[in-house]
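> Next input, structure requested:
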Amino acid sequence: MKKIVIAAIAKNGVIGRSNGEMPWHSKEEFQHFKNTTLGSPVVMGRITFETLGTPLPGRLNIVLTSNKDLKDKFDEIEVFEKINDAYEYCEKGNFEKIFLIGGGSLFPMFINDADEMIISVMDFNAKGIFISPR
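I've put the predicted structure just below:
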């Protein structure tokens, strides 16, 4: 199973905001993200999931959190405390690839686990949090 980080990054290295929101809106980038991830599992942190508000359609949504109550609110997601448990679940599901989509605090771990990265570099600077590998 291939683990793929997918992210957009501003010219100055910003990947998002601390509240999980994107610091920009790009219709083309959102369409690219959707077309690339459709049909595959997407792994994200709780803040990123809560920012989305609902599970991304057409994808298995996996949320990393210690809050097990989140699963009770949304039947269409899987919740894991540990990333390795999420990976094991996806391997058992025989998924060819999974997408690691954020948030910012998880990117350093995701980058270390990634087999591939799909990074869209935006043509502007933004205010927000920077990606910083461990």
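> Quick check: the residue positioned nearest the centre of the chain vs residue 72, distance?
Nearest residue to the geometric centre of the chain (C-alpha atoms, centre = their mean): residue 101, 1.6 Å. Separation of residue 101 from residue 72 (C-beta to C-beta, to the nearest Å) stands at 23 Å. (C-beta placed from N, C-alpha, C; glycine too.)
> From the contact counts, what lies against the strand ranked longest in the chain?
Criterion DSSP state E: the longest strand present in the chain is strand 2-9. Secondary-structure packing of strand 2-9 (3 or more C-beta pairs under 8 Å, 6 or more residues apart in numbering; DSSP states H and E): strand 14-16, helix 27-37, strand 97-102, helix 107-113, strand 116-121.
> Redo the ones you listed as TSV? Include mean pLDDT and distance to residue 86.
Listed next are those as TSV, based on pLDDT from 0 to 100; distance: least, C-beta to C-beta, whole Å:
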stretch	mean pLDDT	distance to residue 86
strand 14-16	81	20
helix 27-37	94	15
strand 97-102	95	8
helix 107-113	89	10
strand 116-121	94	17
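> Please render the ones you listed as a markdown table that adds distance to residue 63 to the earlier fields.
Converted to a markdown table, these look like this (distance: least, C-beta to C-beta, whole Å):
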| stretch | distance to residue 63 |
| --- | --- |
| strand 14-16 | 16 |
| helix 27-37 | 15 |
| strand 97-102 | 11 |
| helix 107-113 | 14 |
| strand 116-121 | 21 |
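> For residue 57, which of the ones you listed is the nearest?
helix 27-37 (9.1 Å; C-beta to C-beta).
> Tell me the first helix or strand C-terminal of the closest one.
strand 42-45 (DSSP states H and E).
> Averaged pLDDT, that next one. What do you get?
Per-residue pLDDT over strand 42-45 has a mean of 96.
> Partner strands of that strand, with direction?
strand 61-64 (parallel), strand 97-102 (parallel) (DSSP bridges).
> mean confidence for the longest strand of the chain?
For strand 2-9, the mean confidence score works out to 94.
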